[in-house]
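1. Quick one: sequence and predicted model below, then my questions.
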Amino acid sequence: MIQRRYEISDEQWEQIKGMFPPYQTGRPSKLSERTMFNAFLWIARSGAAWRDLPEERYGSWKTVYSRFCKWRDTGLLVAIFQTLQVEPDFENLSIDSTSVKAHQHSAGAKKTPQGTK
């Protein structure tokens, strides 16, 4: 499977795929558990609202949101993230001036006394 932006890798999926509960009631979803989880990651990483979830890729935002609430309430999401954080990926960690902005006073801006402007 081709990894798209904001989606879980194949190696990460292999670690967590057995954690999802079997489907019990109602009509089964047409989307896989992996697609649902990727939808959660898309929302979390993009900062978009639930209604802005791309429907052509992830299905109805209402379905994804209800699954998110169910997994959140049962503690499944916490367990998944604890499993995935065992081996953090520091390869893609980068902190520089393009991602962390300093206040203008820390950059040596001209200091003028109060009331002289």
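-> Arrived safely, thanks for sending.
2. so where's the protein uncertain?
-> 1-3, 25, 86-111, 115-117 (pLDDT under 70).
3. Quick check, V64 in contact with A39.
-> Yes - with contact defined as Cβ atoms under 8 Å, V64 reaches A39; the gap is 4.5 Å. Yep, even glycine has a C-beta here, placed from its N, CA and C like the rest.
4. what residues are shared contacts of these two?
-> Counting by Cβ atoms under 8 Å, 6 or more residues apart in numbering, the common neighbours of V64 and A39 are L53, Y58.
5. Do a quick rundown of the helices in this structure.
-> Listed in chain order, the helices of the chain (DSSP state H) span 10-16, 33-46, 55-58, 61-74, 76-84.
6. Now render those as CSV, adding distance to T112 and mean neighbour count.
-> Putting the helices of the chain into CSV (distance: least, Cβ to Cβ, whole Å; neighbours: other Cβ atoms under 10 Å) gives the following:
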stretch, distance to T112, mean neighbour count
helix 10-16, 52, 14
helix 33-46, 41, 18
helix 55-58, 52, 12
helix 61-74, 50, 15
helix 76-84, 48, 14
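7. out of those, nearest to G26?
-> Proximity to G26 (Cβ to Cβ) singles out helix 61-74 among those, at 10.4 Å.
8. the inter-axis angle of the closest one versus helix 33-46?
-> Relative orientation of helix 61-74 versus helix 33-46 (axes from the mean of the first three to the mean of the last three Cα atoms, to 10 degrees): 90 degrees.
9. Mind giving me the packing neighbours of helix 61-74?
-> Helix 61-74 sits against helix 33-46, with contacts defined as 3 or more Cβ pairs under 8 Å, 6 or more residues apart in numbering; DSSP states H and E.
10. Next, the angle helix 76-84 makes with the helix it packs on.
-> 80 degrees.
11. any residues touching helix 33-46, and which ones?
-> 4, 6-8, 13, 16-17, 20, 29, 48, 50, 53-54, 57-59, 64, 67-68, 77, 80.
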